[in-house]
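Visitor: Just the structure for this:
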Amino acid sequence: AHLLGVPNRGRVARAVSRAGGRHPRRCVLVAFGGNGPVHAAEVARQLGIGEVIVPPWPGLFSAFGLLAAETRLELSQARRLVLAALTPADLVAGFEELERSARATLREEGHADGQIVTDRLLDLRYRGQSSDLRIAVPGLEALTGVASIAADFEAEHERTYGYKDAADRVEVVSFRVVARVAEDVPSARVSPQRAASPAARSAYFGREHGSIETPVLGRGDLERTPRLGPLIVEEYDATTIVPPGWSAALDAHANIRLSSDG
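Guide: Numbers count the residues shown, from 1 in each chain. Model prediction:
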């Protein structure tokens, strides 16, 4: 929602998703910010995405996320090791120091040790590469060897880059531990507002459709049954545009769900 111009938004989103090996058509676009829901349907059309989700209070989405996000600490240690040469004991030893440090830091911040959950990850790459992929490592009770980790890396490498290489060329770049505090996430009651009074105004939807007299609604005027566009959904913090060829409905969590009819 902070990029300038719809064409630029589409190009940036396409570049970021494809660079990570993800095709935009397989995704759902989440639109937030005061400006994002205005352009979301057009950006989705450019990317070939058929569904858009506009959460409640889209203009306050980042602020609410800051309040609701769990406490999280990530520590890493750079290593240069051949994965096939490591044993489960080597891996455990590499993670234990990071886990002790992470737990100590969170305890100093007032979190009980029983609330702290840790995830183990390895940054891996093929020898000679400059980029790496992050692979989750199972807990000690499920860790039987490095072969399964190498297989997970090869599968992720093939999915991301389209090919895989010999497993014995996999090397460890760094050990990584993510420590999270399991705590209750604050919830908020959502009471979508209705429009003060039924209204409509002329809106321009490009050369294909021209100017159309368009209903102006509040989020609370939408229902579970999709309503065909064009529509303008106005709220205090954002405006959602539902162009011709799209429909809008309100789901059980008060999200506006836009769907392409094409």
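Visitor: where exactly do the helices run in the stretch 1-150 of the chain?
Guide: 6-19, 36-47, 61-68, 88-108, 147-161 (DSSP state H, counting those that start in this stretch).
Visitor: Rounded mean pLDDT for the first one, please.
Guide: Just to be clear, that refers to helix 6-19. The pLDDT scores in helix 6-19 average 50.
Visitor: same question, stretch 164-176
Guide: 88.
Visitor: and Thr160, how many neighbours?
Guide: By other Cβ atoms under 10 Å, 14 other residues sit near Thr160. (Glycine included, C-beta is placed from N, CA and C.)
Visitor: How many neighbouring residues does Asp221 have?
Guide: When neighbours are counted by other Cβ under 10 Å, Asp221 registers 18.
Visitor: can you pull the contacts of it?
Guide: For Asp221, the contact set (Cβ atoms under 8 Å, 6 or more residues apart in numbering) comprises Arg194, Ala195, Val233.
Visitor: out of these, which are buried?
Guide: Using 16 or more other Cβ atoms under 10 Å as the burial test, those include Ala195, Val233 as buried.
Visitor: can the contacts of Asp221 go into a markdown table with extra columns for secondary structure?
Guide: A markdown table is the format used below for the contacts of Asp221 (DSSP: H, G, I helix; E, B strand; the rest coil):
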| residue | secondary structure |
| --- | --- |
| Arg194 | coil |
| Ala195 | coil |
| Val233 | strand |
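Visitor: Switch the contacts of Asp221 over to TSV; also include distance to Gly162.
Guide: Output for the contacts of Asp221, formatted as TSV (distance: Cβ to Cβ, whole Å):
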residue	distance to Gly162
Arg194	50
Ala195	49
Val233	40
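Visitor: Just name the closest of the contacts of Asp221 to Gly245, please.
Guide: Distances from Gly245 to these, taken as Cβ to Cβ, are shortest for Val233 (16.3 Å).
Visitor: Please check which residues sit opposite that closest one as beta-bridge partners.
Guide: On the basis of DSSP bridges, Val233 is bridged to Leu217, Thr240.
Visitor: what separates it from Thr239, distance-wise?
Guide: 7 Å (Cβ to Cβ, to the nearest Å).
Visitor: again, but for Gln77
Guide: 47 Å.
Visitor: So what's the gap between stretch 42-57 and the chain middle?
Guide: The chain centre lies 14 Å from the centre of stretch 42-57; the measure is Cα atoms, centre = their mean, to the nearest Å.
Visitor: Of all the residues in it, which ones are buried?
Guide: Residues 42-47, 49-50, 52-57 are the ones in stretch 42-57 that count as buried (16+ other Cβ under 10 Å).
Visitor: give me every residue that touches Ile121.
Guide: Quick fix: residue 121 reads Leu, not Ile. Arg134, Ile135, Ala136, Val137, Phe175, Arg176, Val177, Val178.
Visitor: Out of these, which sit inside strands?
Guide: Judged by DSSP state E, those include Arg134, Ile135, Ala136, Val137, Phe175, Arg176, Val177, Val178 as members of strands.
Visitor: quick one on the thing from earlier: now flag whichever of the contacts of Asp221 is closest to Ala155.
Guide: Lowest distance from Ala155 to those (Cβ to Cβ) belongs to Val233, with 41.6 Å.
Visitor: need the contact list for the closest one.
Guide: Shown in contact with Val233 (Cβ under 8 Å, 6+ apart): Pro37, Leu217, Gly218, Arg219, Asp221, Leu222, Thr239, Thr240, Ile241, Val242, Ala248, Ile256.
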